[in-house]
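*Asks:* okay, predicted coordinates and the sequence, questions at the end:
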Amino acid sequence: MGIIEEAVARGQRALSEYQAKLFLKEHDIPVTREMLVLGEDEAVAAAEDIGYPVVLKACGPDITHKTERNLVQVGLDGPEEVKGAYAQIVENLGGDHYDGVLVQEMIKGERELVVGLVRDPQFGPCVMFGLGGIFTEVLKDTSFRVAPIEKYDALQMMEEIKAKAILGPFRGKEPADRDLLAQILIAIGDIGMRYDAVREIDMNPVILDGPRPVVVDALVVLADGSPETQT
């Protein structure tokens, strides 16, 4: 049984971030290196395996608004910082259920994108691409296509956003790997066509680590009572 099927069987309304990243990775979408841990010692071991600096996040399918609740600690650069951050996250959870704490590599790129999937009542699954990070909701600089899409559609979406210049040589940065970005967009469309139980995907931010796009945060929302996959 796959990640989506197991989550639906358990009655989850969404995947945890850890589950979401595993699911996306199965579809050849590049995600951050990360480990789900329980306990400060496990967190330190994971951080040293991944390499400093790291990010710690509370992880669970019902945990939302992580930043607002101080359930994310970034830029941790040593064992004592990791232990302190782990303890702070657990304290801030206030008894809420969680699967563990995610220890994640810290991606330092300055260019942030958003990639997503939405289900339109008329057109069905649609792929979304645009400017990510804190500006997503403010600027609404996005482009949409009805799934499934091909490489031509994906490349065209990149040209349609107002901030398309950040995909080129930008402030001394290498141009984005548009071929890999296109593969990500195509894969999201394919997921929308294949998995009826996936109602929405929000990958924000997708940070350009040099030319390479990497999914740093991901939300996969599940629909109630939907079949797991199309046959």
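*Replies:* Here it is on my side, so go on.

*Asks:* mind checking how far the spatially most central residue of the chain is from Gly132?
*Replies:* Geometric centre of the chain, nearest residue: Ala218, 2.2 Å, by Cα atoms, centre = their mean. Distance of Ala218 to Gly132, computed by Cβ to Cβ, to the nearest Å: 12 Å. From N, CA and C alone the C-beta is placed, and that goes for glycine too.

*Asks:* again, but for Lys66
*Replies:* 16 Å.

*Asks:* what are the phi and psi values for the residue nearest to Asn70 when sequence neighbours are not counted?
*Replies:* Residue nearest to Asn70 in three dimensions, not counting chain neighbours: Asn92, with 4.8 Å by Cβ to Cβ, 6 or more residues apart in numbering. Main-chain dihedrals, Asn92, degrees, to the nearest 10: phi -70, psi -20.

*Asks:* measure Asn92 to Pro211 for me?
*Replies:* Distance from Asn92 to Pro211, by Cβ to Cβ: 36 Å.

*Asks:* show me what the helix or strand bottoming out on mean pLDDT in the chain is packed up against.
*Replies:* When each helix and strand of the chain is scored by mean pLDDT, DSSP states H and E, helix 136-139 comes last, with a mean of 79. In this structure, helix 136-139 packs against no helix or strand, with contacts taken as 3 or more Cβ pairs under 8 Å, 6 or more residues apart in numbering; DSSP states H and E.

*Asks:* for it, buried residues please.
*Replies:* In terms of neighbour count (16 or more other Cβ atoms under 10 Å), helix 136-139 has its buried residues at Thr136.

*Asks:* please renumber the chain so that the first residue is 23 from this point on.
*Replies:* All set: I'll call the first residue 23, so the last point we hit is now helix 158-161.

*Asks:* got the contact list for it?
*Replies:* For helix 158-161, the external contacting residues (Cβ atoms under 8 Å, 6 or more residues apart in numbering) are 136, 152-153, 164, 184-185, 226.

*Asks:* quick one: name whatever helix or strand follows it.
*Replies:* Going down the chain from helix 158-161, the next helix or strand is strand 164-168, by DSSP states H and E.

*Asks:* what helices or strands is the longest helix along the chain leaning on?
*Replies:* If you go by DSSP state H, the chain has its longest helix at helix 200-216. On a contact count with 3+ Cβ pairs under 8 Å, 6+ apart, helix 200-216 meets strand 134-142, strand 146-153, helix 173-182, strand 220-231, strand 234-237.
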